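# one predicted model, sequence on top.
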Amino acid sequence: MDRVYNFSAGPSMLPLEVLEQAQSELTNYKGSGMSVMELSHRSKLFTEIITGAENLLRELMHIPDNYKVLFVQGGASQQFAAIPLNLKKNGQADYVNTGSWSKKAMKEAKKFIEVNEIASSEDGNFTYIPSVTADKVKSDADYVHITTNNTIEGTAFRNIPDTGDVPLVADMSSNILSEEIDVSKFGVIYAGAQKNIGPAGLTVVIVRDDLIGHAVEECPTMLDFKTHSESGSLYNTPPTFGVYVAKLVFEWIQAQGGLTAIQKRNEKKANMLYEYIAQSDFYHSPVKEDSRSIMNIPFVVPNHDVDATFIQKAQEEGLETLKGHRSVGGMRASIYNAMPVEGVEALIEFMKKFEKEHQ
């Protein structure tokens, strides 16, 4: 078995074409006699890589000219602190609590700013996205923070809240580049790379120009948006190989037909799996229908004693990393951009067989 279908929530599978290209260029990038991992980040070759990656991302997401694209390190979790340190003005911010990562973002932000929890789905064990209407947003809030897709719980915002003049900040780690979005609705978008962008270690931040240059005095240099925007993400050595693979992924998305085509394929994959689960008497989706993610699909069976057997048998069929998060249990299929339709079809066929054997 050369390759498996990897349903991991992250790091997730990468397109095979991207891996093969990286492999072919690994020891000698464009005749340089060096790997990308050995290139100086100040070199002409790497400058072409990082500027190319930014230009491709701008094209794919239709990022307006008044937004900067930053390639940084530290994961999305580091942005939990960077956001309040850069956007603090009146000293308070509104947060929408939709699960584990929202809670972590709020916990970190509380070290620097007053956090107002303006909506939450905790009362329903985070199985739905709460309503966020304009009247809930405090007019003097420095920003409103949402997690657009909840990797662990399998929920996602299907409609972006209107926050008026208050900047909307989004942790988009697990659904960036999975569908078309209007970037102009957001003040800041940030995402860890390890779902739909590339290998772990790279973080992408998209920030509107007017929100740069206002960091609090005690903000560490490396967390200040201005540091990275003024240096073209080259203040220090960036995760060079991560940026390179991200560029290859952006090229791959473009070759698939861009985000319009990617979204259609992602919706097809998700609908296939949700429809099978809905007609099954054995499997159940714990997530409310109007809040379901097309990236992360949790499901449960009546008898949790067979969960481990399901995972083991799935592995034997080349279906990897289907165990649900420890805080939720059950199973979870993460079907990011690189997961082909055939992978979901294989999962469904296995689920049918398993259902017959264990009902």
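Nice, thanks for sending it over.
# contacting residues for residue 347?
5, 7, 273, 314, 319, 322, 333 (CB atoms under 8 Å, 6 or more residues apart in numbering). Using the backbone N, CA and C atoms, a C-beta is placed for each residue, glycine as well.
# so which of those is the most crowded?
Neighbour counts for the contacts of residue 347 (other CB atoms under 10 Å) peak at residue 333, which has 29 neighbours.
# ok, residue 140 touching residue 91?
No: using CB atoms under 8 Å, residue 140 is not in contact with residue 91; the gap is 9.2 Å.
# look up which residues are beta-bridged to the closest residue to residue 238 other than its chain neighbours.
In space, and not counting its chain neighbours, residue 238 is closest to residue 71: 5.5 Å by CB to CB, 6 or more residues apart in numbering. When assigned by DSSP bridges, residue 71 has beta-bridge partners residue 204.
# show me where this protein has strands.
Secondary structure of the chain, counting by DSSP state E: strands at 5-6, 67-72, 92-97, 114-120, 144-147, 149-150, 155-156, 168-171, 188-192, 203-208, 296-299, 319-320, 331-334.
# can I get those in CSV including mean pLDDT and distance to residue 268?
Converted to CSV, the strands of the chain look like this (pLDDT from 0 to 100; distance: least, CB to CB, whole Å):
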stretch, mean pLDDT, distance to residue 268
strand 5-6, 98, 16
strand 67-72, 98, 29
strand 92-97, 98, 29
strand 114-120, 98, 31
strand 144-147, 98, 25
strand 149-150, 98, 18
strand 155-156, 98, 16
strand 168-171, 98, 25
strand 188-192, 98, 23
strand 203-208, 98, 26
strand 296-299, 98, 13
strand 319-320, 98, 19
strand 331-334, 98, 14
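# of all those, which one is nearest residue 340?
Closest to residue 340 of the strands of the chain is strand 5-6 (CB to CB; 8.0 Å).
# so how far is the closest one from its chain's centroid?
Computed by CA atoms, centre = their mean, to the nearest Å, the chain-centroid distance of strand 5-6 equals 18 Å.
# for it, packing partners?
Under the contact criterion of 3 or more CB pairs under 8 Å, 6 or more residues apart in numbering; DSSP states H and E, strand 5-6 touches strand 319-320, helix 341-358.
# which residues does that strand contact?
12, 13, 318, 319, 320, 321, 339, 342, 343, 346, 347.
# tell me the pLDDT of the second one.
Per-residue confidence at residue 13 stands at 96 (pLDDT).
# ok, residue 326 next?
With respect to pLDDT, residue 326 has a value of 78.
# how near is the residue lying closest to residue 233 once chain neighbours are set aside to residue 60?
Take residue 233 and drop its neighbours on the chain: the residue closest to it by CB to CB, 6+ apart is residue 71, 4.2 Å away. Distance from residue 71 to residue 60, counting by CB to CB, to the nearest Å: 15 Å.
# which one's more surrounded, those two?
residue 71 (24 against 17).
# burial count for residue 149?
Using other CB under 10 Å, residue 149 is surrounded by 28 other residues.
# could you pull out the helices for the stretch 151-300 of the chain?
Under the criterion DSSP state H, counting those that start in this stretch, helices of the stretch 151-300 of the chain are mapped to 225-230, 240-256, 258-279.
# for the longest one, give me every contacting residue.
The one in question is helix 258-279. 60-61, 177-180, 253, 256, 283-285, 292-295, 297, 299, 333, 335, 337, 339, 341, 344-345, 347-348, 351-352.
# likewise for stretch 121-129?
97-100, 130, 150, 153, 155-158, 286-288, 290-291.
# report the two of these separated the most.
For the contacts of stretch 121-129, the farthest-apart pair by CB to CB is 100 and 290; their separation is 20.8 Å.
# touching, residue 338 and residue 15? I think so.
Yes: with contact defined as CB under 8 Å, residue 338 counts as touching residue 15 (4.7 Å).
# residue 57 contacts residue 69, doesn't it?
Yes: look at residue 57 against residue 69 with CB under 8 Å: they come within range, at 6.0 Å.
# what touches both of these two?
Contact criterion CB under 8 Å, 6+ apart; residues shared by residue 57 and residue 69: 63, 204.
# how far away is the residue nearest to residue 102 when sequence neighbours are not counted from residue 99?
Spatial nearest neighbour of residue 102, excluding adjacent residues (CB to CB, 6+ apart): residue 147 at 4.7 Å. For residue 147, the distance to residue 99 (CB to CB) stands at 7 Å.
# more crowded one of those two?
More neighbours surround residue 147 than the other of residue 147 and residue 99, with 29 against 25 (other CB under 10 Å).
# list the contacts for that one?
Contacts for residue 147 (CB under 8 Å, 6+ apart) come out as 96, 98, 99, 101, 102, 105, 170, 171.
# show me what it bridges to in the sheet.
As for beta bridges, residue 147 partners with residue 171 under DSSP bridges.
# ok, now how distant is it from residue 171?
Taking CB to CB as the measure, residue 147 falls 5 Å from residue 171.
# most neighbours among the contacts of strand 5-6, which one?
Of the contacts of strand 5-6, with other CB under 10 Å as the count, residue 347 tops at 25 neighbours.
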